[in-house]
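Enquirer: Build the 3D model from these lines:
(one chain, ligands or ions: 1)
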Amino acid sequence: MKVLVATEKPFAKAAVDGIKEIVEKAGGEVVLLEKYTSVDQFYAAVADVDALIVRSDKVTKEVIAHAKNLKIVVRAGAGYDNLDLAACTERGIVAMNTPGQNSNAVAELALGMMVYMARNSFHSGTGSELKGKTLGIHAFGHVGRLVAGIAKGFGMNVQAFDPFVPAAKIEEAGVKAVSSIEELYSTSNYVSLHIPATEQTKNSINYELLSRMPKGGTLVNTARKEVINEADMMRLLEERQDFKYITDIAPSCAAEMAEKFGTRFFATPKKMGAETAEANINAGLAAANQAVGFLKEGIDRFRVN
Ligand code: 3PG
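Expert: Numbering: from 1, shown residues only. Below you'll find the model as predicted:
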């Protein structure tokens, strides 16, 4: 049983050690491909492995075509928009994610980003506090729920909208459920995005929605680049001197936005939401356990195809 860990953005050493321990204990072998710089390296490494563990690494149909023995791909993380599920399914390869394992790291970053924007990107001048402000959580999954809990600690008024989570479930968590996405944006000082990138959500955060945000509105994106309509975001930032955007996934026009909008825009140089030792260990070990569990016992919990 050969397990390839292919991570352009490597896991912390403790996570790699943990993955090795799990796989070796099950009689297998780990092959490590870190910080690779060309897809050819990925194609070569995947050629004879039974399982593949990745982060945001793109598992395309070409990767699948090179993986002659592959039986399972585990995305160590939440979003699996980087996996070509159709190509996996066509070859009978099981695809999984590890939901919830890195959520706390992302949730903490979302709140950190709010503080950063509230304090003028740590430049001089009078900032504002999160306490008493309204936070709209767009999608109430693992990360959204954690963001809600931390935001309450800050004394924020927390509300949420999720087309797939009934209002009663949101209210059970002590969060106000608003009845539409339009209402969420119209009534929130901060909106924190936690939607996946799908055909339905791509470009969906558009001018119509963003322009509803009240004066001083701030959008926080720790989700995906693709969900933002970048032309609309540019237009809104140009039209409204009060509007702010902070993101962990740099838009294609990040340099232009940084130059034009100063402290009203910030993008991390490289996605860092899940970049904590804890998140690496949780997601990496879960991925290894899921890969071994499937190969040895056929357990396919968390299968996404
Ligand atoms: C996820 O979907 O789990 C996060 O975006 C983290 O992605 P990463 O593993 O590339 O940091």
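Enquirer: what does the stretch 51-200 of the chain have sitting close to the ligand?
Expert: Of all the residues in the stretch 51-200 of the chain, those in contact range of the ligand (CB under 6 Å from any ligand atom) are 55-56, 77-79, 102. (Each C-beta comes from the backbone N, C-alpha and C, glycine too.)
Enquirer: could you redo these as a markdown table and give each row secondary structure and neighbour count?
Expert: Conversion of those to a markdown table gives the following (DSSP: H, G, I helix; E, B strand; the rest coil; neighbours: other CB atoms under 10 Å):
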| residue | secondary structure | neighbour count |
| --- | --- | --- |
| 55 | coil | 22 |
| 56 | coil | 18 |
| 77 | coil | 25 |
| 78 | coil | 22 |
| 79 | coil | 17 |
| 102 | coil | 27 |
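Enquirer: so which of those residues would you say is closest to residue 137?
Expert: residue 78 (15.3 Å; CB to CB).
Enquirer: OK, contacts around that closest one?
Expert: 97-103, 141-143, 196 (CB atoms under 8 Å, 6 or more residues apart in numbering).
Enquirer: how about a cut-off of 6 Å?
Expert: 97, 99 (CB atoms under 6 Å, 6 or more residues apart in numbering).
Enquirer: ok, it to residue 140 distance?
Expert: Residue 78 sits 14 Å away from residue 140 when distances are taken as CB to CB, to the nearest Å.
Enquirer: What of residue 4?
Expert: Using CB to CB, one obtains 34 Å as the distance from residue 4 to residue 140.
Enquirer: Could you do residue 44 as well?
Expert: Computed as CB to CB, the residue 44 to residue 140 distance reads 42 Å.
Enquirer: swap in residue 112?
Expert: Between residue 112 and residue 140 the computed distance is 20 Å (CB to CB).
Enquirer: ok, the two, which is more surrounded?
Expert: It is residue 140, of residue 112 and residue 140, that has more neighbours when counted by other CB atoms under 10 Å, with 23 against 14.
Enquirer: Please name the nearest non-neighbouring residue to that one.
Expert: Distance criterion CB to CB, 6 or more residues apart in numbering; nearest residue to residue 140, sequence neighbours excluded, is residue 162 at 4.1 Å.
Enquirer: Just give me the neighbour total for the one you found.
Expert: By the other CB under 10 Å criterion, the neighbourhood of residue 162 contains 20 residues.
Enquirer: Per-residue pLDDT of it, please?
Expert: At residue 162, the model reports a pLDDT of 98.
Enquirer: neighbours around residue 57, how many?
Expert: Applying other CB under 10 Å, we find 23 residues neighbouring residue 57.
Enquirer: List phi and psi for it.
Expert: Dihedral pair for residue 57: phi -60, psi 140, per degrees, to the nearest 10.
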